[in-house]
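**Q** Please work out how this folds:
(chains A, B, C and D)
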Number of protein chains: 2
Amino acid sequence: MTTPSRSRKKTISAARDALPASTGLDLGPLPGLLGYALRRAQVAVFADFMASFAALDLRPAQFSVLLLIRQNPGCKQSDVAEALGILRPNFVAMMDELDHRGLTQRTTSKGDRRSYAIFLTQAGEALLDAAMKVVAEHEARLTSAMKPGEPEKFLDLLARIERAVPAR
Amino acid sequence: MTTPSRSRKKTISAARDALPASTGLDLGPLPGLLGYALRRAQVAVFADFMASFAALDLRPAQFSVLLLIRQNPGCKQSDVAEALGILRPNFVAMMDELDHRGLTQRTTSKGDRRSYAIFLTQAGEALLDAAMKVVAEHEARLTSAMKPGEPEKFLDLLARIERAVPAR
DNA sequence: TATTGTTATACTCTATAACTATA
DNA sequence: TATAGTTATAGAGTATAACAATA
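**A** Numbers count the residues shown, from 1 in each chain, chains lettered A, B, ... in the order given. You can find the predicted model right below:
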């Protein structure tokens, strides 16, 4: 077991100032916890992402699905689902909706008749083009508070945290 | 509108190496998006948190509720809910469960008879003491992949990202 | 009229078992 | 026997409207 360490203690009080409670409640050690700060930031970023994509009627998961299909045309449903951490049963309704909206197309693959080969339609390509512009603006909002080099540093820290945690 | 910028391009390919797809699919620009990396890390950290607290039968939200009550003994339900971003209707069942488990206690406050003053019981204090040790181990796992000073830098970046996004 | 706690309700995400048709 | 897609279902988490008691 590791102790919070002297330098951490300083961080906690700094973070306490940085993350206002909005109500008068004392948050105690909460703002100094990496997991808590990580979750707060992720919730805020997710909300901004969803608000940005409301006009395109695209949720984050749908955006990533379209992106992966464009990047891997003809791939199987299961591969996309697995790559995004979506369980196969839950992915069916997602693909159904994208299909019904005319954004994707499932063609029964010649080789293995139990799997589909999935593609973007022209409408899907066009929507994804528009989405890439929206996501660039969203990302620019996130990096607007960062100095040069910090976005890269942040991505590196996120990747190391992900790897530092079991499950793998 | 802002362009992705030259330095970002380099970051994307670096992150692509750092975040393996596990399946063979090409993730394209996804691993270079701050929002995507942030969400992946948060999901992984949340999973580690929940696994760590399984033995105590405490979910993240319950832990933060107990912590806030200890930090603000006698406070109102609504204040805790608001501080944690939990909607008041959804907070009722949470408090009911904590009460039924004997971890918290609601006493009708003398001053305002429509609100409760909430406290931790001795069992609640004891469970939170145990939880603080578990969370320290959890945090140590997250910082194990970081060099001195990086946890503070990471907290700072998270707070700045949260503030950079609208809603407020 | 406004606030605190509450009920009812609904919608999204996530998770598991089991079916079908193919292999 | 195993795999791809599917169905059904259940559980969290989150959202809004409205009510009773109190201020």
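
**Q** now the helices for chain A?
**A** Applying DSSP state H to chain A gives helices spanning A:6-18, A:34-52, A:60-71, A:77-84, A:88-100, A:122-143, A:150-164.

**Q** can these go into JSON lines with extra columns for mean pLDDT?
**A** Below are these laid out as JSON lines (pLDDT from 0 to 100):
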{"stretch": "helix A:6-18", "mean pLDDT": "29"}
{"stretch": "helix A:34-52", "mean pLDDT": "98"}
{"stretch": "helix A:60-71", "mean pLDDT": "98"}
{"stretch": "helix A:77-84", "mean pLDDT": "97"}
{"stretch": "helix A:88-100", "mean pLDDT": "98"}
{"stretch": "helix A:122-143", "mean pLDDT": "98"}
{"stretch": "helix A:150-164", "mean pLDDT": "97"}
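
**Q** Out of the ones you listed, which gets nearest to DNA strand C?
**A** helix A:88-100 (3.3 Å; Cβ to the nearest atom of the strand). Quick note: C-beta positions are derived from backbone N, CA and C, even for glycine.

**Q** Could you list the residues of chain A in contact with DNA strand D?
**A** Counting by Cβ under 7 Å from any atom of the strand, chain A comes close to DNA strand D at A:76-78, A:88-92, A:95-96, A:106, A:112, A:114-116.

**Q** Which pair in these has the greatest spatial separation?
**A** Maximum pairwise distance in the residues of chain A next to DNA strand D, criterion Cβ to Cβ, is 22.4 Å, between A:90 and A:112.

**Q** Can I get the helices of chain A in JSON lines including mean neighbour count and distance to residue B:102?
**A** What follows is these, written out as JSON lines (neighbours: other Cβ atoms under 10 Å in any protein chain shown; distance: least, Cβ to Cβ, whole Å):
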{"stretch": "helix A:6-18", "mean neighbour count": "15", "distance to residue B:102": "30"}
{"stretch": "helix A:34-52", "mean neighbour count": "20", "distance to residue B:102": "25"}
{"stretch": "helix A:60-71", "mean neighbour count": "21", "distance to residue B:102": "40"}
{"stretch": "helix A:77-84", "mean neighbour count": "20", "distance to residue B:102": "41"}
{"stretch": "helix A:88-100", "mean neighbour count": "14", "distance to residue B:102": "37"}
{"stretch": "helix A:122-143", "mean neighbour count": "17", "distance to residue B:102": "43"}
{"stretch": "helix A:150-164", "mean neighbour count": "20", "distance to residue B:102": "35"}
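
**Q** For residue A:166, list the residues it contacts.
**A** Residue A:166 sits next to B:48, B:51, B:141 when contact means Cβ atoms under 8 Å, 6 or more residues apart in numbering or on different chains.

**Q** quick one: the last one and residue A:164 touch, right?
**A** In other words, residue B:141. Yes: applying Cβ atoms under 8 Å, one finds residue B:141 in contact with residue A:164, separated by 6.1 Å.

**Q** which non-adjacent residue is nearest residue A:160?
**A** Once flanking residues are discounted, residue A:160 sits nearest to residue B:145: 4.1 Å by Cβ to Cβ, 6 or more residues apart in numbering or on different chains.

**Q** residues near the one you found, how many?
**A** Residues lying near residue B:145 (other Cβ atoms under 10 Å in any protein chain shown) number 15.
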